[in-house]
Structure formats: C-alpha cells, structure tokens
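Peer 1: Output the structure for:
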Amino acid sequence: MEKIGEIIKQLGTPREILNKIAQSTPVESMETSLSTDCEYCNGFGSLYPIRDGVVIYSETTPCICTQKELKEKKQQRLLESCSLPPFADKMTFENFEMYVEVKEAYQLAKKMADEPGVLRWLGLIGQNGNGKTHLAVAICKAWIDAGFPARYAFVSLLLDELREGFKKEDAENSYEGKFRYYCNIPLLLLDDFGTESKTVWVQEKLDTLIDYRLMNNLSLIVTSNLSLDEMPSRIRSRLMRHSKGSIVGIMAEDYSLRRKRNG
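Peer 2: Okay, the predicted model is just below:
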C-alpha cells in the first residue's frame with residue numbers, strides 16, 4: 001500500500017490540482033472544428049479561469065487552441081473580403097525580387113506593413129512589370145495577417161462596381177453602400193490608377209474618395225503607370241502633402257524582360 005505522502009506527491013500541489021481540474025472539466029463546446037487532442041481543453045474549446053487558486057465556474061475563457069483557430073478564421077475572412085486578384089497568390093515580401101532600382105520602394109512598403117501608424121499613404125509609380133502591385137499586395141497581406149481589414153481595388157473595376165450600385169436596392173450593394181465601404185475600409189489599395197476614363201463623374205468620385213480618406217487619416221496605397229508629372233496635380237499634391245505619406249518612382253524595367261536577359 002502506498003503511503004499517504006506518496007499519493008499526495010503524485011496528485012501534486014493544490015494549484016496544480018486546480019489547474020488540472022479547470023483544464024479537463026467539460027465546458028460547453030464552442031462552434032469550432034477542434035479535435036479532442038488538445039491537452040488543455042480535451043476539444044471543448046474553453047477553460048474555466050483560475051484566480052488566486054480558485055476555479056471560476058461561472059466564467060469561461062477560450063483555450064489557446066480555440067484562439068488559434070478563431071484567428072485563422074478571421075484572417076481567412078479578411079483575405080476573402082480583400083478581393084485580391086488570382087495572380088496575387090505569391091506576392092509577398094519574402095519572394096519579392098530585390099535589386100537596386102526597387103530598394104527604396106521595398107523599404108517604404110515594408111515600413112507601411114510593419115508600422116502602419118508611421119506611414120499611412122504610399123504612392124508607387126513607374127512602368128508596367130516593375131513590382132508596384134507586388135509590393136502593394138504584400139502590404140495588404142501583412143495587414144490581414146495582423147488582423148486588420150484591407151481591400152484591393154483595380155480602379156476601373158471599382159468605378160464599374162459603383163455604377164452597378166445604382167441598380168441595387170439593398171443597402172450593402174447600393175451605390176451609397178459601396179462608396180461608403182471604400183471610403184472607410186482601414187486600408188485601401190487603388191491599383192493601376194490613371195487608366196480609368198476621364199469623365200467628370202469619375203474624377204469627382206476619385207477626388208471625393210481620396211479626400212475623405214485624407215481627412216479621416218485612413219491608409220491608402222496608389223499604384224500607377226503614370227510618371228509623377230503625368231499624374232493629375234490634385235492627386236499628386238494629396239499624396240505628397242500627407243504628413244505620413246510618401247510617393248516613390250520605381251525606375252526599373254519589366255521583370256519578365258529582366259529575367260529573359262539574365263537567363
């Protein structure tokens with residue numbers, strides 16, 4: 001027969017016993033796809049918290065396995081709502097092809113991704129195929145990984161979407177609902193700015209959208225094939241005068257031509 005002292009030693013200290021009870025006591029299951037392999041909650045997704053050595057059965061707290069799954073689900077929702085184009089799958093900072101001509105643009109993009117409060121507006125300009133969209137998309141993905149909403153918008157298609165909104169009756173998809181959404185999303189990427197038609201309505205919508213985001217200190221990325229001199233002065237001035245903004249010209253040739261020449 002085992003001695004009492006040995007039995008108590010096996011059971012552990014009072015705090016260890018309480019922790020074990022709290023971690024293994026069934027709690028109302030949460031709506032997740034958790035397995036029963038979790039050593040903390042046995043797949044229930046929740047634990048009873050412990051304060052000063054006392055199990056609080058009137059409260060529950062998400063288990064670390066639940067927190068991880070909920071975070072992943074949130075990131076997936078944000079990624080879907082960002083509406084990145086199919087070709088953007090591999091556009092990350094990790095696989096960006098670095099060389100001298102794109103170094104400044106890369107550093108600014110990384111800064112906006114890592115320190116969104118420091119750099120809020122970024123303009124990336126230059127010819128086709130030099131990495132502008134790659135860097136802009138990488139910023140969006142970094143925001144999403146951090147749990148912040150972002151939205152990709154090819155400018156011409158954004159304007160088409162707004163026009164379609166005039167035919168919609170439900171508030172969310174109406175013109176007003178869509179325009180409000182693009183005005184207020186925490187990070188907006190306007191890709192290929194300058195290729196849209198130059199009607200009065202188009203210019204008015206873009207001016208209003210950009211002005212609203214400027215006045216409300218909301219983050220914005222603009223990519224354009226236009227040079228700084230070719231960009232409309234009203235847009236250029238907004239990008240350049242933002243206290244937490246920067247605009248950079250990427251003087252680099254098309255990636256595909258560079259790869260072909262270098263073998």
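Peer 1: Under the pLDDT cut-off, which ranges of the stretch 151-263 of the chain? List them.
Peer 2: 252-263 (pLDDT under 70).
Peer 1: how does it look with 80?
Peer 2: Applying pLDDT under 80 to the stretch 151-263 of the chain picks out residues 232, 234-235, 241, 251-263.
Peer 1: quick one: the strands in it?
Peer 2: Under the criterion DSSP state E, counting those that start in this stretch, the stretch 151-263 of the chain contains strands at 187-193, 219-224, 245-249.
Peer 1: Name every strand pairing with the second one and say which way it goes.
Peer 2: If I follow you right, that is strand 219-224. Strand pairing for strand 219-224, using DSSP bridges, gives strand 121-125 (parallel), strand 187-193 (parallel).
Peer 1: same check, this time on the last one
Peer 2: Using DSSP bridges, the strands paired with strand 245-249 in its sheet are strand 121-125 (parallel).
Peer 1: Show me what the next helix or strand after the strand it pairs with is packed against.
Peer 2: Heading C-terminal from strand 121-125, the first helix or strand you meet, by DSSP states H and E, is helix 132-145. Counting contacts by 3 or more C-beta pairs under 8 Å, 6 or more residues apart in numbering; DSSP states H and E, helix 132-145 packs against helix 64-82, helix 103-114, strand 121-125, strand 150-154, strand 187-193, strand 219-224. Every residue, glycine included, has its C-beta placed from N, CA and C.
Peer 1: For the closest residue to E59 other than its chain neighbours, give me its contacts.
Peer 2: Take E59 and drop its neighbours on the chain: the residue closest to it by C-beta to C-beta, 6 or more residues apart in numbering is P49, 5.6 Å away. Counting by C-beta atoms under 8 Å, 6 or more residues apart in numbering, P49 makes contact with A22, V55, I56, E59, T60, T61.
Peer 1: If we use 10 Å, what do you get?
Peer 2: A22, V55, I56, Y57, S58, E59, T60, T61 (C-beta atoms under 10 Å, 6 or more residues apart in numbering).
Peer 1: Neighbour count for those residues - can I get that in CSV?
Peer 2: Compiled in CSV, these are given as follows (neighbours: other C-beta atoms under 10 Å):
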residue, neighbour count
A22, 20
V55, 16
I56, 13
Y57, 12
S58, 7
E59, 11
T60, 17
T61, 15
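Peer 1: Save these as CSV, and put in pLDDT and secondary structure too.
Peer 2: Shown next, in CSV, are those (pLDDT from 0 to 100; DSSP: H, G, I helix; E, B strand; the rest coil):
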residue, pLDDT, secondary structure
A22, 44, helix
V55, 82, strand
I56, 84, coil
Y57, 82, coil
S58, 86, coil
E59, 85, coil
T60, 83, coil
T61, 83, strand
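Peer 1: How is the protein divided into domains?
Peer 2: For the chain, automatic domain parsing gives the domain ranges 4-70, 83-262.
Peer 1: ranking these by burial, who's on top?
Peer 2: domain 83-262 (a mean of 16; mean count of other C-beta atoms under 10 Å).
Peer 1: Report the distance from that domain to the chain centre.
Peer 2: Put simply, domain 83-262 sits 13 Å off its chain's centre (C-alpha atoms, centre = their mean, to the nearest Å).
Peer 1: quick one, phi psi at the residue nearest to E59?
Peer 2: Torsion angles at P49 (phi, psi; degrees, to the nearest 10) stand at phi -70, psi 160.
Peer 1: what about the residue nearest the centre of the chain, distance to G177?
Peer 2: Central residue of the chain (C-alpha atoms, centre = their mean): I144, 2.2 Å from the mean position. According to C-beta to C-beta, to the nearest Å, I144 and G177 sit 22 Å apart.
Peer 1: hang on, the earlier thing: how about the helices and strands packed on helix 132-145, which one is nearest D160?
Peer 2: Among those, the nearest to D160 by C-beta to C-beta is strand 150-154 (9.4 Å).
Peer 1: Residues touching that closest one, excluding its own?
Peer 2: By C-beta under 10 Å, 6+ apart, strand 150-154 touches 78-79, 81-85, 88, 133, 136-137, 139-144, 158-161, 181-182, 185-193, 195-196, 209, 219, 221, 223.
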